[in-house]
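S.K.: Sharing a sequence plus its predicted fold:
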Amino acid sequence: MPLAAACPVSQHVGMALSRPPANRLAAHHPPPTGADPAPADGRLRPGAPDVAPFPTDAAERTRWILARRGSRPAHDVWRAHGSFWEREPLYSGAPANTLTLLLTSRECPWHCAMCDLWRFTVPGPVPEGAMARQIAAALAEADGANPGGTGEQTAGPGVRQIKLYNGGSFFDPKAVPPADYPAIARAVAGFDRVIVECHPALVGPRAIQFQALLREAAAARPRSRPPVLEVAMGLETVHPVALEKLNKRMSLDQFRRAATFLAEHEMALRVFVLVQPPFQPPAEAVEWARRSADFAFHCGASAVTLIPTRPGNGALEALRAVGDFTPPTLRTFEETFDAALDGAAARVFADLWNLETFSTCPACFSARRQRLAAMNLDQRQLPRVSCPSCRGG
């Protein structure tokens, strides 16, 4: 697979497509419980008509997005939101027992138009010791819930992975204090792969520091090799207009440079791609998601997770009202997964969290979800579900 240094930006964004007047919830995070507008300085008042156009200036965009938020639930920064085990195929095709920890962290500073992960964060910096305690407690609770264990009490057969998802950037020092790195590394060094999420702008020396601590912690254990450090980055889309307007403040060149850094330091890359984000023509959703996945693979990604763009953060509702966003249908998501799997250079996963949001037919939804779950594990296309009620719509 070509390294990021060979990643051709123009190959994926050069085709001219028509553009009519489209959130990333990171995979596995729970959906919001509903909007609850809270009057505050700079925010919309309940019942006020939302007619303000989406700004062109980045700072104004941030204020526009924040003004449309609901209230933030209170969270205990010393406790994780939860954890769960799942099975995921490795690059080789072998299954891996994967533990996902949903950590309580500080809010991401980027305020993307599609994201509502701020609902599961705290507004200020995370105190030293809190993240290490969250992970230790979550591991203790999760151990024994899976036959493989976490590697702390049980050796267990098979490959084990752990995802440390904090709803922002693991290498943001105000989200995960570097002082916690040694304790975190010792806690997870029994896994074969450690997966964290991070904005491309924060991929750098702190990643090298954490990788070194993982290797040091693994060397103190009776094992032959340290865990692989994998960094998940949100590419979102290569659609030039949509990427710029999402307020992520990231270019494709910046993403490519971060991917190159990871490859040069023997870190793996996982990529999040949105299906039908705002400011993107809905009729071209499948093509742009496929092109985005191809870009990620050319940048060295060993896995791409497709995430249907979920409404519910306030900003997307406002964009939908003026025609700048249309949520994808289940059929669009299925077509996107099929297209991305076809000839994929590496693994492609469909994020199935809260998938019923995109379904209009209860008669076939369960079977269609099962099909996507089976494709996640088998990494091959399966026949579409035939439904006389909706005809696969």
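M.R.: Happy to help now that I have it.

S.K.: only C-alpha atoms for contact and neighbour calcs from this point on.
M.R.: OK.

S.K.: Quick check: which element contains residue 86?
M.R.: According to DSSP states H and E, residue 86 maps onto strand 82-89.

S.K.: could you point out which element follows that strand?
M.R.: strand 95-102.

S.K.: Going by contacts, tell me the helices and strands next to the helix or strand just after that following strand.
M.R.: Later in the chain than strand 95-102, the nearest helix or strand by DSSP H and E is strand 105-106. Counting contacts by 3 or more CA pairs under 8 Å, 6 or more residues apart in numbering; DSSP states H and E, strand 105-106 packs against strand 121-122.

S.K.: In the strand holding residue 86, which of the residues would be classed as buried?
M.R.: Using 16 or more other CA atoms under 10 Å as the test for burial, strand 82-89 gives 82, 83, 85, 88, 89.

S.K.: Residues in a beta bridge with the fourth one, which ones?
M.R.: The reference is to residue 88. residue 96 (DSSP bridges).

S.K.: doesn't residue 98 make contact with it?
M.R.: Yes: between residue 88 and residue 98 there is a contact at 6.6 Å, judged by CA atoms under 8 Å.

S.K.: if we can go back for a sec, so for the strand holding residue 86, mean pLDDT?
M.R.: Across strand 82-89, pLDDT averages out at 92.

S.K.: Need the contact partners of it.
M.R.: 95-103, 138, 142, 145-146, 376-378 (CA atoms under 8 Å, 6 or more residues apart in numbering).

S.K.: Check stretch 109-120 too.
M.R.: With CA under 8 Å, 6+ apart as the test, stretch 109-120 has contacts from 23-26, 29, 32, 62, 65-66, 71-73, 75, 81, 104-105, 107-108, 167-168, 245-249, 277-278, 309-313, 315-316.

S.K.: And these, which of them are buried?
M.R.: The neighbour-count test (16+ other CA under 10 Å) marks 23-26, 29, 62, 65-66, 72, 81, 104-105, 107-108, 167-168, 245-248, 277-278, 309-313, 315-316 as buried among these.

S.K.: Please tell me how far residue 263 sits from residue 141.
M.R.: The gap separating residue 263 from residue 141 is 34 Å, by CA to CA, to the nearest Å.

S.K.: more crowded one of these two?
M.R.: Set residue 263 next to residue 141 and count neighbours by other CA atoms under 10 Å: residue 263 wins out with 18 against 12.

S.K.: what secondary structure does that one sit in?
M.R.: Following DSSP: H, G, I helix; E, B strand; the rest coil, we place residue 263 in the helix state.

S.K.: How many residues are close by residue 205?
M.R.: Using other CA under 10 Å, residue 205 has 11 neighbouring residues.

S.K.: I meant to write residue 274 there.
M.R.: Neighbour tally, residue 274, other CA under 10 Å: 27.
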